[in-house]
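> Structure for this input, please:
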Amino acid sequence: VAEKKPEEALQVAAAAGQYEEEGWRPRKGGARFWAKTVFTALRDEARQLRGFAVVMQDLTEQRQHEEVWKRYAAIVNTTRDLLTLIDTDFRYVAANEAYCHAHGKSREEIIGRTVTEVWGKEVFQTIIQGHLRRCFEGRELRYQEWFSFPNLGQRFFEVSYYPYPANGPLTHVIVVTHDITELRTAQDTAQRLNETLEQRVQERAEELAATSKEMETLCYSISHDFRAPLRHIDGFIELLQKDLAGQLSAESKSYFKTISEAARQMGQLIDELLAFSRIGRMEMHVLPIPLGEMVEAAREDLRDVAA
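This is a model prediction of the structure:
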């Protein structure tokens, strides 16, 4: 209420019979207090103005409470979470602006109405009612559910129920509804990607198993086709060496030796190829590898080729 000068306040009171105003008033010592002042015109039986009655009430504490509640209201109405306060009759006692906007209703259209009237009988009985009852038994609850709001559409929410007050007989339930649709969508997308990846890994494993089987079959075929000629080569070399034992020069003996060793080396390569083809069916073991010996063997092979 806008303050008027005392003279103006008395003039209004004289004309209207009474005038009220609120404002800061000084105390003794310089402190101030918030006061409600009522000016009442006093008239005699002839309606002649005889004076004024002035009543001043200290409302400082009430104003401080109002200011605190205004700050609380600003916080509650700034958040995007949907906040409501529900009593034991399942009626809305309070609702923030986000909740009213989601339903496309004014606060007056929600406060005082039952949850059934706002949400409908089916949603109340199948989803909301049981949680409210358990919360009124003193339990904090949290669950996730899809809800459809007129102004938001179909969204996924995490809903928390808190008994109120925390101490003493429960009279209300505080409901905090947090929109986690984006998080749920991301989780669903990740789940689909994981399932797709698992399917691809399974398909790739099956392809590798089939390829391994084909390679093993091929190696067995190669082994069968190559071993017979190698046995013939090695066998005929041995026969020739026996038949021509006294007629071979040192150079000819060297040739026979090279052919025989090459045949044996080819047989060893076939055995190693077969072993390699079975590697997919063998348990893996970690073993030290003598790299020096492998390098020396490779050098020997290269020297033989160069010779």
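> Show me where this protein has its strands.
18-26, 32-43, 49-58, 82-87, 92-95, 141-149, 153-164, 172-179 (DSSP state E).
> For residue 12, find the nearest of those strands.
Of all these, strand 18-26 sits nearest to residue 12, with 4.3 Å by C-beta to C-beta. Just so you know, the C-beta spots here come from the backbone N, C-alpha and C atoms, and that holds for glycine as well.
> what's next to the closest one, contact-wise?
By C-beta atoms under 8 Å, 6 or more residues apart in numbering, the residues outside strand 18-26 that reach it are 1-4, 9-10, 12-13, 32-41, 56, 59.
> ok, 6 Å please
1, 3, 9, 12-13, 32-33, 35-40 (C-beta atoms under 6 Å, 6 or more residues apart in numbering).
> can you list those in a markdown table and add neighbour count and distance to residue 268?
As requested, the contacts of strand 18-26 are exported to a markdown table (neighbours: other C-beta atoms under 10 Å; distance: C-beta to C-beta, whole Å):
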| residue | neighbour count | distance to residue 268 |
| --- | --- | --- |
| 1 | 10 | 109 |
| 3 | 13 | 111 |
| 9 | 19 | 119 |
| 12 | 17 | 120 |
| 13 | 22 | 122 |
| 32 | 11 | 106 |
| 33 | 14 | 107 |
| 35 | 18 | 110 |
| 36 | 17 | 110 |
| 37 | 19 | 115 |
| 38 | 15 | 116 |
| 39 | 23 | 120 |
| 40 | 14 | 122 |
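> now, among those residues, which is nearest to residue 292?
Distances from residue 292 to the contacts of strand 18-26, taken by C-beta to C-beta, are shortest for residue 32, at 95.8 Å.
> who's in contact with that closest one?
Residues near residue 32 by C-beta under 6 Å, 6+ apart: 24, 26.
> where's it relative to residue 100, distance?
With the distance defined as C-beta to C-beta, to the nearest Å, residue 32 ends up 37 Å from residue 100.
> Same check on residue 140?
Distance, residue 140 to residue 100, using C-beta to C-beta: 25 Å.
> if you count what's nearby, which of these two comes out ahead?
Taking other C-beta atoms under 10 Å, residue 140 and residue 100 do not tie; residue 100 has more neighbours (20 against 13).
> wait, doesn't the more buried one sit right on residue 107?
Yes - counting by C-beta atoms under 6 Å, residue 100 touches residue 107, with 5.3 Å between them.
> By mean pLDDT, point me to the weakest helix or strand of the protein.
One helix or strand of the chain scores below all others by mean pLDDT, DSSP states H and E: helix 60-78, with a mean of 75.
> Export only the CA atoms of that one, formatted as PDB.
Output of helix 60-78 as PDB, limited to C-alpha atoms (Å, rounded to 0.1, in the frame of the first residue of the first chain):
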ATOM      1  CA  THR A  60       7.700  -6.900  10.500                       C
ATOM      2  CA  GLU A  61       7.800 -10.700  11.200                       C
ATOM      3  CA  GLN A  62       4.900 -11.400   8.900                       C
ATOM      4  CA  ARG A  63       6.500  -9.400   6.100                       C
ATOM      5  CA  GLN A  64       9.800 -11.300   6.600                       C
ATOM      6  CA  HIS A  65       8.000 -14.600   6.300                       C
ATOM      7  CA  GLU A  66       6.200 -13.300   3.200                       C
ATOM      8  CA  GLU A  67       9.600 -12.300   1.700                       C
ATOM      9  CA  VAL A  68      11.000 -15.700   2.400                       C
ATOM     10  CA  TRP A  69       8.000 -17.400   0.800                       C
ATOM     11  CA  LYS A  70       8.300 -15.100  -2.200                       C
ATOM     12  CA  ARG A  71      11.900 -16.300  -2.600                       C
ATOM     13  CA  TYR A  72      10.900 -19.900  -2.200                       C
ATOM     14  CA  ALA A  73       8.100 -19.400  -4.800                       C
ATOM     15  CA  ALA A  74      10.600 -17.800  -7.200                       C
ATOM     16  CA  ILE A  75      12.900 -20.800  -6.900                       C
ATOM     17  CA  VAL A  76      10.000 -23.300  -7.200                       C
ATOM     18  CA  ASN A  77       8.600 -21.500 -10.300                       C
ATOM     19  CA  THR A  78      12.000 -21.100 -11.900                       C
END
